[in-house]
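K.L.:
Next come a sequence and a model predicted from it.
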Amino acid sequence: MTVLKTSLRNFLAHKGRMALSAVAVLLSVAFVCGTLVFTDTMNTTFDKLFQATSSDVTVSAKGSSDTGETTSRTGRPPTVPASVVGRVRGAEGVRSAEGTVFSTSVTVVDAGKDKLSPSSGAPTIVGSWNHNDARTMKITSGTAPKGPGQVMVDADTADKHHLRLGDEIGVITALGTHHARVSGIAAFRVTNPGTAIFYLDTATAQRTLVGRSGVYTNVNVTAARGVSDARLKKNVTAALGHGYKVQTAKEVADANQKSVESFLDVMKYAMLGFAGIAFLVGIFLIINTFSMLVAQRTREIGLMRAIGSSRRQVNRSVLIEALLLGVLGSVLGVGAGIGIAVGLMKLMGQIGMHLSTSDLTVAWTTPALGLLLGVVVTVLAAYLPARRAGRISPMAALRDAGTPADAKAGIVRAVIGLLLTGAGGWSLYVATEADKATTGSGWLGLGVVLTLIGFVVIGPLLAGLLVRVLAAVILRVFGPVGRMAERNALRNPRRTGATGAALMIGLALVACLSVVGSSMVASATDQLDKTVGTDFIIQGDQEYKMIDQQMVRKIKDTPGLARVTEYKLLDASLTTPDGHVSTSETINAADPTYARDVRTKTVAGNLADAYRPGSMSVFEGFADRHGIKLGSTVAVDFKDGGTARLTVRAITSDEAVVDKGAMYVAISTAAKSVPAGHMPLDQLVFATAEDGRQAAAYKALKSTLSADPALTVRDQTDYKKALKDQIGQLLNMIYGLLALAIIVAVLGVVNTLALSVVERTREIGLMRAIGLSRRQLRRMIRLESVVIAVFGALLGLGLGMGWGATAQKLLALEGLNVLDIPWPTIIAVFIGSAFVGLFAALVPAFRAGRMNVLNAIATE
Amino acid sequence: MTSAVTIPRHGGTGGRTAVAARARQVVKAYGSGETRVVALDHVDVDIARGEFTAIMGPSGSGKSTLMHCLAGLDTVTSGQIHLDETEITGLKDKKLTRLRRDRIGFIFQAFNLLPTLNALENITLPMDIAGRKPDRAWLDRVVETVGLAGRLKHRPTQLSGGQQQRVAVARALAARPEIIFGDEPTGNLDSRAGAEVLGFLRRSVDELGQTIVMVTHDPVAASYADRVLYLADGRIVDEMRQPTADQVLDRMKDFDARGRTS
């Protein structure tokens, strides 16, 4: 009990010094709990949404997706004949059946031809107003659509785009553009998942979306009283035979849930990964805090030992303090985590997804996991300092302990650290030499971990070295104040090393990713320069946005173009000579001119031959796996058509960024097996200008494409820029998440400085007494802080650039063959770290300056 | 580096006024109302230039407070303190800091040196802070005088207690301050090391004309001074010139006896 009492008293006596460690635990735990609560809440919301929006049983065409999504490469969703409705009505246990038409292969524009799509990337849906949707939507103004000239809009979209009753909108599909005026606005009764939805009446929807009456995309079936969905499904299937897809509400919801979940899982684990990094950094902070507290209490602990406390008791008292810290930080962290989740939900509201806080899902495992993580990590981190406290001899009570003795970095540490770093460096080297990406990535991972640990272990030694170098370069300018800052940073290399190492981790990841990202851009640019022989690339703004035939015709009619190449993707299963059947492969069907537009390297044959009738190309890896040689025959079973036996005339190299792993056929070859109605629309269109007319052609193409704002034409420069922006955005998002780890590391710097200032109270008093001004004192602490931060940055950037370069060498196998080190980013991070140092010193320097000289001298 | 105050080029009187520091009606009180404690009660004192003054008195007599106030480390409640011609009462922190840096030397009882700096760096620290170049010849002489020539590159932890205090004395002397204040400079030393340090202080007064004020409760230490001031209850109650250790001890016993009977 006395142990507990002393721990509690110590904890309370040093609550200020514990605060920053508690914040570190709090932040990490909050991030974990926030992520879990947020993803759980999203799951709950979607679950409710899918349950609410599906009818009891849905009938759709055999080939349509499980989730009921009506996207199609042909631009027209698969349909069932209207007669199905009548046959379903005849089935037992059916109360009602209603045919509906929905499509997401649409672009909706307002009168000014601006897109009315969600910015979040959620789909735009156009469909027929029906009884099932009338359950989940409430008409808030106007009336339901009636006749070809009317359309009803969801309230969120209307709000966002300032649509009012009577406004004109255009629905662009593969069949053309349909104009209508807003007749009504309907609000979601359930959470709006962020989609924009537009309702037409059934006849108009049929004409606009599928091009003919008498067909539906879905038939919604409602069960009679007392009939279960499963029963109903059985009856409906019996009535229709096996030519249709029949799903219960639960099946549709589950399928939807699964696709959402897999996306949410990716997000969840990514965010938990970043929380893990923050935890790792937090460990350094906690170790440092406890080390310093133990050092400052050396005499006190010595006294306790002298009067009879056992080592274990001293040890335990420190661990109990850590336990208290862990519990406090975690409890607050769990609370803050729920706050973060609510904040994220509000943020989702900004991009159109209105999550309700009443759906806030806090599973019992979330706080439990948060608490467990926080407490275990804190206690583990405090273990080493606690053991050191236990080793303090009773003699320490008698010694005149001014400041704790300087901790010297030992020889053992140097040897272990160098061994680890060496082994890590060797692993990285092996990774660059690997001839297969999969084996190489294992070595890369091992190398990253080993070099990281190695750097942490030899951090104190490096601190001694690097701080001296830094001091020679920058601190000397500041005269004696700089010299004292240098000495202070060097006085406890272990502490400086650990503080810098915490910063190192975050910055190493930043540096590594920036190198990989910029190498990706550089490699892709390089490849584009080398391979692309066309001027313009036309594509949709989303993966499922196709280019319809009317538009392709218009593009071909655009003046100033020498040639236009169409490019489609077809699903097929391939039977190779080895007898293997590869299902769900993608075939790239293009015009023969594509061989000139994108000069893909071949390892065998000539790519132009692959576009001859009855021919195709495969990629190196596929050819190797299935024993395909030039002249081999592959049976291609097109998903929406028949089977073609095609001869392999070219094998493409796998060292490519553009179109890696593509298998080409001519569109005309595919058209022999795929009926016109099932032929997918163009995924991409390439246009090449006549010599010297590039600028005019670009302008002309832009004006041609203005009819459909969902399509964009880019010349090579703009395409590269778009690519760069895309990678830049991804990197920024990752940097944002890494900011958490960096914030924790900065807290660590603040903490180290603050505790150092307390520890050096007498020194500061002495210096002030003999004439050091407040400004000089503050500058001294700021310089020390800058040196620690810059030290961490140097380690981190060096390590990260090494990792990044290794990753690039490894990924060169996958086409990432240009190493590009983004010096502006690296230098910005380096300079930024100096400012971080200045910032971290703000409070400690202020407090040191405010110290009363007399009290400082008198401090025991 | 410009300085608001003049820096004396010599430790001696140099034709200046005979008084290096003076206090007039100095009151230092802590708290207010019923809890008010008066540490200094209308103290008048003149510190003669080129003299070694010891301040003695029982614990709580206010002797340390007086020294802190004279040295510009502490503020007074009322009254004036002058250092040479400069009134230091009412000066802001910035000016006080500069004054301590340029015109005053300190020797504390313990923890006199920065552990991160070696002996020489500690000695020149006040001048380094001020951005002044130390006078090489003078520095050599001071180092010679205190007998540290062989140990200038040593860190404080590598020096004995006596050596550390000698470094502190050297630091105080090196900048040629107008006045040196010592707060029990030999309190932590054995008698031999203490005698050594006191010997240096005495010699710096005799040979270099330095002005020194030292707080002590050791009669032997006080006997090195030219003049001993006795403080009790925040007032100067007596003074003695050319004291010997025995005389000081006797006087102290007197005070103790009086203190007990009153």
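P.N.:
Received the coordinates, thanks. Numbering: from 1, shown residues only, chains lettered A, B, ... in the order given.
K.L.:
All the strands of the stretch 101-250 of chain B, residue numbers only.
P.N.:
With strands called from DSSP state E, counting those that start in this stretch, the stretch 101-250 of chain B shows them at B:104-107, B:179-183, B:212-215, B:227-232, B:235-241.
K.L.:
any chance of the ones you listed in a markdown table, with distance to A:A431, mean pLDDT and mean neighbour count too?
P.N.:
Any C-beta I mention is one placed from the backbone N, CA and C, and that applies to glycine too. Shown next, in a markdown table, are these (distance: least, C-beta to C-beta, whole Å; pLDDT from 0 to 100; neighbours: other C-beta atoms under 10 Å in any protein chain shown):
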| stretch | distance to A:A431 | mean pLDDT | mean neighbour count |
| --- | --- | --- | --- |
| strand B:104-107 | 61 | 90 | 26 |
| strand B:179-183 | 64 | 92 | 26 |
| strand B:212-215 | 69 | 93 | 26 |
| strand B:227-232 | 77 | 91 | 22 |
| strand B:235-241 | 81 | 88 | 15 |
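K.L.:
Now tabulate those strands in CSV and tack on distance to chain A.
P.N.:
Below are the strands of the stretch 101-250 of chain B laid out as CSV (distance: least, C-beta to the nearest C-beta, whole Å):
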stretch, distance to chain A
strand B:104-107, 5
strand B:179-183, 8
strand B:212-215, 13
strand B:227-232, 18
strand B:235-241, 21
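K.L.:
Could you dump these into CSV with distance to A:V80 added?
P.N.:
Output for the strands of the stretch 101-250 of chain B, formatted as CSV (distance: least, C-beta to C-beta, whole Å):
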stretch, distance to A:V80
strand B:104-107, 98
strand B:179-183, 100
strand B:212-215, 104
strand B:227-232, 109
strand B:235-241, 111
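K.L.:
so who does A:A697 touch?
P.N.:
The contact partners of A:A697, by C-beta atoms under 8 Å, 6 or more residues apart in numbering or on different chains, come to A:535-536, A:558-561, A:687, A:689-690.
K.L.:
and the residue of the stretch 601-750 of chain A nearest chain B?
P.N.:
Across the stretch 601-750 of chain A, the shortest distance to chain B (C-beta to the nearest C-beta) belongs to A:V749, at 19.4 Å.
K.L.:
Provide the secondary structure category for that residue.
P.N.:
Secondary structure assignment for A:V749 (DSSP: H, G, I helix; E, B strand; the rest coil): helix.
K.L.:
next one: B:A20
P.N.:
B:A20 - assigned by three-state DSSP - is strand.
K.L.:
and A:A134, how many neighbours?
P.N.:
Using other C-beta atoms under 10 Å in any protein chain shown, A:A134 is surrounded by 13 other residues.
K.L.:
Point me to the residue of chain B nearest chain A.
P.N.:
For chain B and chain A, the shortest gap (C-beta to the nearest C-beta) falls at B:R101, measuring 2.3 Å.
K.L.:
What's the local residue count around that residue?
P.N.:
The burial count assigned to B:R101 is 25, neighbours taken as other C-beta under 10 Å.
K.L.:
Pull the contacting residues for it.
P.N.:
Contact partners of B:R101, counting by C-beta under 8 Å, 6+ apart, are A:770-773, B:126, B:129-130.
K.L.:
Nearest to A:A134 among those?
P.N.:
Of all those, A:S773 has the smallest distance to A:A134: 77.8 Å, by C-beta to C-beta.
K.L.:
three-state assignment of the nearest residue in space to the closest one that is not next to it in sequence?
P.N.:
Nearest-residue entry for A:S773: B:T97, 4.8 Å, with adjacent residues in sequence omitted and distances by C-beta to C-beta, 6 or more residues apart in numbering or on different chains. With three-state DSSP as the basis, B:T97 sits in helix.
K.L.:
so who does the residue of the stretch 601-750 of chain A closest to chain B touch?
P.N.:
The contact partners of A:V749, taken as C-beta under 8 Å, 6+ apart, are A:499, A:502-503, A:785, A:788-789, A:792, A:836-837, A:840.
K.L.:
Just the ones of those in helices?
P.N.:
Among the contacts of A:V749, the members found in helices (DSSP state H) are A:499, A:502-503, A:785, A:788-789, A:792, A:836-837, A:840.
K.L.:
Go back to the residues you listed and keep what's next to chain B.
P.N.:
Among those, proximity to chain B is found for none (C-beta under 8 Å from any C-beta of the partner chain).
K.L.:
pLDDT and neighbour count added to those, as TSV?
P.N.:
Listed next are those as TSV, based on pLDDT from 0 to 100; neighbours: other C-beta atoms under 10 Å in any protein chain shown:
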residue	pLDDT	neighbour count
A:T499	90	31
A:A502	90	33
A:L503	91	30
A:S785	93	29
A:I788	92	32
A:A789	93	28
A:G792	93	34
A:V836	91	25
A:G837	92	25
A:A840	91	28
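K.L.:
quick one: which of those is nearest to A:P460?
P.N.:
Looking across the ones in helices among the contacts of A:V749 and measuring by C-beta to C-beta, the closest to A:P460 is A:T499, at 10.6 Å.
K.L.:
what sits against the residue nearest in space to the middle of chain B?
P.N.:
In chain B, the C-alpha nearest the mean C-alpha coordinate belongs to B:F181, at 1.1 Å (C-alpha atoms, centre = their mean). Contact partners of B:F181, counting by C-beta under 8 Å, 6+ apart, are B:67, B:70-71, B:104-107, B:212-215.
K.L.:
show me the contacts for the residue nearest to it when sequence neighbours are not counted.
P.N.:
Once flanking residues are discounted, B:F181 sits nearest to B:A71: 4.5 Å by C-beta to C-beta, 6+ apart. For B:A71, the contact set (C-beta under 8 Å, 6+ apart) comprises B:100, B:104, B:106, B:181.
K.L.:
What of A:R774?
P.N.:
With contact set as C-beta under 8 Å, 6+ apart, A:R774 has these partners: A:768, A:849, B:93-94, B:97.
K.L.:
what's the closest of these to A:L372?
P.N.:
A:G849 (41.7 Å).
K.L.:
Please point out which parts of the helix or strand hosting the closest one sit buried.
P.N.:
Assigned by DSSP states H and E, A:G849 belongs to helix A:823-850. For helix A:823-850, a neighbour-count test (16 or more other C-beta atoms under 10 Å in any protein chain shown) marks A:825-826, A:829-830, A:833-834, A:836-837, A:839-841, A:844-845, A:848-849 as buried.
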